[in-house]
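S.K.: got a sequence here, can you build the structure:
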Amino acid sequence: MNLNAMYSELIFEHDKRPQNFGLREPFQSEVHHVNPTCGDEITLRLQLDGDADNPTITDLSYDATGCAMSRASASIMSDLLIGESLQDAQKTFDHFDEVMHSRGKNEGDEDIIGDGIALVGAAKFPGRVKCVLMPWKAYQAALAEAQAARGSQS
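M.R.: Just a heads-up that it's a prediction; the model follows:
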C-alpha cells in the first residue's frame, strides 16, 4: 500500500468511526462554526480542568456535518488534544496550522500531529485547507470562551 492510499484510508476511518463525536456535558464553552464555501458545520464543546496557569483539556466533543476532510479533521483534533495541557495543545495547534498553510512545503511532524499527518496533502489545495482547519478554528474560539469563563469564576 502506498503512502497516499494509507493516508486516504486513515481519513476514511476517522470519517466513518469518528473519535469524540456527539456533544457531551459538562462543558465550559460551546461554539458553532460554518464554512460557507462548502457547507461544512461544526458545533464544538470544550471542558478545561486543573491548574489555572496551564489547565488540561479534559473533554472536547463535537457534532459535525460536511465533507470527509472536515469531519476527519475534527476527529483527529479531538483525539490529539483531549488530555493535553493547554501548552502542549498549543504546540500541536501551531504546528498543524503552520503545516496547513505551507501549501505542501512542510510535510509535518507525525510525532506532533499524529493522524493529522494524513491531512497534510490538503495543504496544496487552498479550498481544502479551510475544510481541514474549520474544526481547529472552532477549538480556538471555544478555548477563548472557556478561558474567559474560568477567569470569571476566580
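S.K.: the residue positioned nearest the centre of the chain: what's its closest spatial neighbour, skipping adjacent residues?
M.R.: Residue closest to the average C-alpha location in the chain (Cα atoms, centre = their mean): Met77, at 3.2 Å. Leaving aside its chain neighbours, Met77 sits nearest to Pro135 (5.2 Å; criterion: Cβ to Cβ, 6 or more residues apart in numbering). In this view, the C-beta of every residue, glycine as well, is placed from N, C-alpha and C.
S.K.: tell me how many other residues surround that neighbour.
M.R.: Here the number of neighbours of Pro135 (other Cβ atoms under 10 Å) works out to 26.
S.K.: what sits against it?
M.R.: Pro135 makes contacts with His33, Ile42, Leu44, Tyr62, Ala64, Ser70, Ser73, Ala74, Met77, as judged by Cβ atoms under 8 Å, 6 or more residues apart in numbering.
S.K.: now, which of the residues you listed sits nearest Tyr7?
M.R.: Closest approach to Tyr7 among the contacts of Pro135 (Cβ to Cβ): Ser73, at 12.8 Å.
S.K.: tell me the secondary structure for that closest one?
M.R.: Following DSSP: H, G, I helix; E, B strand; the rest coil, we place Ser73 in the helix state.
S.K.: surely it touches Lys130?
M.R.: No: in this structure, Ser73 is not within contact of Lys130 by Cβ atoms under 8 Å, at 10.7 Å.
S.K.: for those two, indicate the residue with more neighbours.
M.R.: In this view Ser73 and Lys130 are compared by other Cβ under 10 Å, and Ser73 has more residues nearby, 31 against 19.
S.K.: what score does the residue nearest to Ala149 when sequence neighbours are not counted have for pLDDT?
M.R.: Computed as Cβ to Cβ, 6+ apart, the closest residue to Ala149 that is not its neighbour in sequence is Gln28, at 4.8 Å. Confidence at Gln28, expressed as pLDDT, is 95.
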